[in-house]
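S.K.: Fold the following, please.
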Amino acid sequence: ALVESNPVCGFERLLLVRRGTRGPDLGLPYNWQSNSSLPTHGYDDSLCALEYKREEAALETVFKPARDVFVGDVDLHWDASKALFSSVGTNGRWQLFEMQLAGGRATQVRQLTGEQPDVDSYDACYLPDGRILFTCTACFIGVPCVYGSSHVANLYRMDADGRNIRQLCFDQEHDWCPTVLNDGRVLYTRWEYADTPHSNTRLLFRMNPDGTGQMEFLGSNSYWPNSFFYARPIPGDPSRVIAVIG
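M.R.: Sure thing, here's the model as predicted:
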């Protein structure tokens, strides 16, 4: 009854990640890392759909890779005809994939990134103009306090076919979890490192889809909550978001 009366639940099915018991820490990196610090194999992952309003509904498999690789960071397109996800590419590095959806199944899956042999790309979202924003280690920076062992990922943009890649953020530390706000701007988590207790400072930032206008969204000058991950806007609301905090 609570779900039925919730105005943001005007849909019938969820697209979700089913992660098996195999895999380190359920495929979650530590807060100074990102996907590129995780093992590439040893998972039992699949993308599934669920009619969440029916208690007796069973999970329906939408896509399951042929190998024991990570599948996650899913971003559904505005019209639900396709979705982006992160997995391991043909060269053994983290890459971005896009799957076409029809009849509750993935009808076609293609790899969008991977031309650079020593670069990891993952965690993408669709932009309003059809292009794609994603995180990438092409900046070739390492986290200083772990002697560079964690490769920093900044935000990049590319065309829908994976071409014309352009770097948008130039940060010493990670940018995580990009998503599009209801007003068309991009929301993301940024690791603030200067003049702050940096071990825990993961603040929410916002910017225009072309990388201009980067500024704080939430958490600046706040000791707690000071770490926001996987933030998403609440549909139809001009300012509120939901996130995991710590």
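
S.K.: Can you show me the helices along this protein?
M.R.: For the chain, the helices defined by DSSP state H cover 2-5.

S.K.: mind listing what's buried in stretch 137-151?
M.R.: For stretch 137-151, burial by neighbour count (16 or more other CB atoms under 10 Å) applies to 137, 138, 139, 141, 143, 150, 151. For glycine as for every other residue, the C-beta is placed from the backbone atoms N, C-alpha and C.

S.K.: Once you drop chain neighbours, what's closest to the fourth one?
M.R.: Translated: residue 141. residue 152 (4.0 Å; CB to CB, 6 or more residues apart in numbering).

S.K.: who touches that neighbour in this structure?
M.R.: Under the criterion of CB atoms under 8 Å, 6 or more residues apart in numbering, the neighbours of residue 152 are 137, 139, 141, 142, 143, 171, 172, 173, 174.

S.K.: Rebuild these as TSV, extending it with pLDDT and distance to residue 225.
M.R.: Putting those into TSV (pLDDT from 0 to 100; distance: CB to CB, whole Å) gives the following:
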residue	pLDDT	distance to residue 225
137	98	27
139	96	27
141	94	26
142	94	27
143	92	22
171	93	21
172	92	22
173	93	18
174	96	18
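
S.K.: Could you single out the nearest of those residues to residue 34?
M.R.: Taking CB to CB as the measure, residue 174 is the one of the contacts of residue 152 closest to residue 34, at 5.6 Å.

S.K.: low pLDDT regions in the protein?
M.R.: Of all residues in the chain, those with pLDDT under 70 make up the ranges 1-2, 22-24.

S.K.: biggest strand in it, by residue count?
M.R.: With DSSP state E applied, the strand covering the greatest number of residues in the chain is identified as strand 94-102.

S.K.: neighbouring contacts of that strand?
M.R.: When contacts are defined by CB under 8 Å, 6+ apart, strand 94-102 is touched by residues 35-36, 40, 47, 62-63, 70, 80-89, 106-114, 120-122, 124, 132, 134, 162.

S.K.: give me that answer again for 6 Å
M.R.: When contacts are taken as CB atoms under 6 Å, 6 or more residues apart in numbering, the neighbours of strand 94-102 outside the stretch itself are 35-36, 63, 81-85, 87, 89, 106-114, 120-122, 124, 134.

S.K.: Can you flag the buried ones in the residues you listed?
M.R.: Among these, those that count as buried by neighbour count (16+ other CB under 10 Å) are 35-36, 63, 82-85, 87, 89, 106, 111-114, 120-122, 124, 134.
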